[in-house]
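Enquirer: Model the structure of this input:
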Amino acid sequence: MEVTGNTPTSHIIKGLVLAAILIAYAVVGEVAHTSHTEWFGWVKVVLLAIGTITGVLTYAAQLQGNVNFSQLLVHGLKMTAVVTCLYFIFSLLEIYVFFPGSLDEMVKLGLAEAAKNGKIDQQKVAENMGQARKVVAIMLLAGVVMGTMIMGLLAALFGAVLAKKNPVA
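Expert: Residues are numbered from 1 along each chain as shown. Below you'll find the model as predicted:
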């Protein structure tokens with residue numbers, strides 16, 4: 001694909017910027033102790049969606065609409081892959097290095113909720129804390145990868161549909 005005039009911004013650059021925004025948001029949430037609230041996660045999803053859609057629309061605009069649906073979708077998916085890789089690495093560092101107490105807090109919140117609903121008694125809570133910590137870490141990391149990829153796919157699809165396309169044959 002020949003581009004005259006301005007060269008489109010790489011999906012890597014857009015992915016780096018979007019990942020930096022999401023990481024900064026996560027750090028602010030951890031420092032402010034709001035990262036375990038329900039609304040916090042939804043704002044992160046909205047930021048990812050808006051960033052991906054904006055990246056796809058920008059790509060189409062930079063190529064003056066001389067793109068087709070599949071090119072836009074692939075660009076959005078490449079952006080999402082970059083964001084997913086970087087955010088996964090950050091999540092590993094977050095729960096094991098930067099904010100190790102965060103994982104314990106998530107486990108305690110989950111076990112307290114289970115105890116409140118009568119699904120588990122307090123003796124089992126104390127016995128299963130180590131195993132629960134491992135399970136929560138695995139679920140969190142798998143959720144980061146799957147959730148980011150699924151939301152990125154949906155946002156890339158939406159951006160590809162919205163973008164002005166006028167491919168030159």
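Enquirer: can you list the weak-confidence ranges in this structure?
Expert: Low-confidence segments of the chain (pLDDT under 70): 1-5, 119, 121-122, 125-126, 169.
Enquirer: change it to 80
Expert: The chain contains residues with pLDDT under 80 at 1-6, 107-130, 132, 167-169.
Enquirer: gap between the residue nearest in space to the middle of it and residue 100?
Expert: Among the residues of the chain, the one closest to the centroid is residue 148, at 3.9 Å (CA atoms, centre = their mean). Shown here: residue 148 relative to residue 100, a distance of 22 Å by CB to CB, to the nearest Å. To be clear about C-beta, it is placed using only N, CA and C from the backbone, and glycine gets the same treatment.
Enquirer: so what's the residue nearest to the centre of the chain closest to, chain neighbours aside?
Expert: Among residues not flanking residue 148 along the chain, residue 84 sits closest, at 4.4 Å (CB to CB, 6 or more residues apart in numbering).
Enquirer: Mind checking what secondary structure the one you found has?
Expert: Residue 84 falls in the helix class when you classify it by DSSP: H, G, I helix; E, B strand; the rest coil.
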